[in-house]
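the sequence isn't on hand, but the structure is:
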């Protein structure tokens, strides 16, 4: 089903209003989810809306959070999200980072007591709009085993770096630090297809191509897949995200991160509050004039786009380019939703006595 | 040959003095190289000394640089290394970052017109000694092809993040953003062994296990090795390092980065000056009290170290742990140098009329 973006936006806002979010927060949270669907990252958009609602039902999401700065210097801060939606906590924190950058050149905010923040790219791009470089990271439910381990100790812990270009759209590097994002695994699970070796291991630590192995005690593998191909690097990057997001802010880290799915309870022995994020902004003109930077970044993009390739029909893809193309296409032509997601959304509509989704 | 660290240190200082470096710079440059050998990263220590000398002979390294800040805000700066040794330019830049962090909570420095800076960990650990989190990145000679390309457009562009712990040594995440570091390839080349599939491709873009393929137009692959296993993520991380280090500072980027080896000339059409680095420091107490952070990082380390593993005899390795163990061992027992490196160093000794290396 192809849905009009503004229809889907209003629908999503109404669900957030129905669980008690303020008008301002409902608009913002819906904007973060819609941006994900527009950018083609279907796993992080409205497909997750019912998941947020279930966390609210379990009283694990506070619809009216008192989000505040609890510690700061001129360019650093710790924000407590008061168990609010990460979809509103992270933009609050990024605004703090941007304000500090406006005054002092850069701003860095570690966040505790939050929840899933949607796509990292949304937050990093807030900085890019101000001609700043944006950084966004978050820890997440433990699904990934460190190199040599057979325990799920880390989330897919994404890192995002976003840079403003001139004639080209921004360069947005946004990646899960696991070999495969959980969303890709879910697609394989739904379609019943095998996954490539190197994405997951079973409970005993054997490689498997069965996408359901995760449900029976298996784990995702870090970027690099195995030691010979650098899985210790993926583990190190994931550890970096975990430490900056949670050890630094006072959130839960490692295996203590509360699961996104509401049917799993959070660990009984938390080491912090909620999940953690790390957001940053640096003014480009803190280093060189913005025009110079943008013209060199355009030159960088040009050079990489015009590279010769192994298969001449497959050009080099600039990070962020596919998402940008999806955004233009879907804004004009609508957002495709699979039947399961439409059904899921319409169960929510019924529960809150709202009109169902239409084309 | 097992060499006494202080003997090797003095020897290395004398070589830097002989090419015209000041006493202060010679001590510092030797300290960076020795730290690499002590930490077991043999590829980045004194094995590279003759490489630096050859660049000096070609007048590509200035032994008496006027290293200076050319642009700044309270927490950001661009440093021009005046074609000096990266081994002294990067510590200068990190000191600038640390001073800014002392005053404002964080400090970020992009560097142009520099040369190879040794191990990233050395610079990041300067911040850790001040109870700060250290960041260090650099771009490097183009050897890596982006996903889908068969051109060498990026260096092995390392990222390093270092965090102070309490009862444990610092966590030091220090990784080349390629599937395999060039040093590992050199070891395979010397020993004549094949390398795992997924490290390199030949000129046409076919996977190969021949470690010499790089010499005949092949390229290293990004971390992730292929698209299915996330090579676009390794490419994105490498791009991030390149942009922060060079597009931001005014250094050369991508395929324009001057090669480390002196027998290859730098590109005739530079887009900037020298190579670029990016250094950063953030005060831990800009976010939460240092003791709290360290005790939680200790708890993090404890949990990961005590994880069950696939092979019970192979425990999870905390990033930075093997280097720390090597450092203790080699400081006490000496630094092992292979014959080729000793011979190389003694050619330098003869050239500058210095005493050869002894045990």
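Arrived safely. Here the structure is a predicted model, which means the values were calculated and not measured. Residues are numbered from 1 along each chain as shown, chains lettered A, B, ... in the order given.

in chain A, which helix or strand is least confident?
helix A:182-191 (a mean of 82; mean pLDDT, DSSP states H and E).

identify the residues contacting it?
Contacts with helix A:182-191, where a contact means Cβ atoms under 8 Å, 6 or more residues apart in numbering or on different chains, come from A:41-44, A:143, A:156, A:176, A:194-195, A:199-200, A:211-212, A:214, A:220, A:340. In short, each C-beta sits where N, CA and C put it, glycine included.

now the buried members of those.
A:41-44, A:143, A:156, A:176, A:195, A:199-200, A:211, A:214, A:220 (16 or more other Cβ atoms under 10 Å in any protein chain shown).

filter those down to the ones in strands?
Of the buried ones among the contacts of helix A:182-191, the ones assigned to strands by DSSP state E are A:200, A:220.

when you check chain B, which of the buried ones among the contacts of helix A:182-191 turn up near it?
Among the buried ones among the contacts of helix A:182-191, the residues lying close to chain B (Cβ under 8 Å from any Cβ of the partner chain) are A:176, A:199.

would you turn the buried ones among the contacts of helix A:182-191 into CSV with pLDDT and distance to residue A:315?
As requested, the buried ones among the contacts of helix A:182-191 are exported to CSV (pLDDT from 0 to 100; distance: Cβ to Cβ, whole Å):
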residue, pLDDT, distance to residue A:315
A:41, 93, 21
A:42, 90, 24
A:43, 88, 25
A:44, 92, 26
A:143, 96, 33
A:156, 97, 28
A:176, 97, 24
A:195, 93, 26
A:199, 96, 26
A:200, 96, 30
A:211, 90, 30
A:214, 89, 34
A:220, 96, 29
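
and which of the buried ones among the contacts of helix A:182-191 is nearest residue B:93?
residue A:176 (31.1 Å; Cβ to Cβ).

where does the closest one fall, phi/psi-wise?
When read as degrees, to the nearest 10, the backbone of residue A:176 gives phi -70, psi 140.

buried set for stretch A:303-314?
So for stretch A:303-314, counting by 16+ other Cβ under 10 Å, buried means A:303-304, A:307, A:309.

what angle separates the helix or strand where residue A:110 lies from strand B:106-114?
If you go by DSSP states H and E, residue A:110 is part of strand A:106-114. With axes from the mean of the first three to the mean of the last three Cα atoms, to 10 degrees applied, the angle from strand A:106-114 to strand B:106-114 works out at 130 degrees.

residues contacting the spatially most central residue of chain A?
By Cα atoms, centre = their mean, chain A has its centre lying nearest to residue A:119, at 3.0 Å. The neighbours of residue A:119, taking Cβ under 8 Å, 6+ apart as the test, are A:32, A:35-36, A:39, A:41, A:44, A:174.

residue A:314 versus that one, what's the distance?
The spacing between residue A:119 and residue A:314, counted by Cβ to Cβ, to the nearest Å, is 25 Å.

now residue A:284
In terms of Cβ to Cβ, residue A:284 sits 32 Å off from residue A:314.

hmm, back to that, check whether the following helix or strand past the strand holding residue A:110 contacts chain B.
Remark: after strand A:106-114, the chain's next helix or strand is helix A:120-128, criterion DSSP H and E. No - Helix A:120-128 does not reach chain B (Cβ under 8 Å from any Cβ); its nearest approach is 11.3 Å.

helices and strands around the helix or strand following helix A:120-128, which ones?
Moving toward the C-terminus from helix A:120-128, the next helix or strand (DSSP H and E) is strand A:132-138. Counting contacts by 3 or more Cβ pairs under 8 Å, 6 or more residues apart in numbering or on different chains; DSSP states H and E, strand A:132-138 packs against helix A:86-104, helix A:120-128, strand A:159-163, strand A:275-283.

off-centre distance for the first one?
Meaning helix A:86-104. Helix A:86-104 sits 16 Å away from the centroid of its parent chain (Cα atoms, centre = their mean, to the nearest Å).
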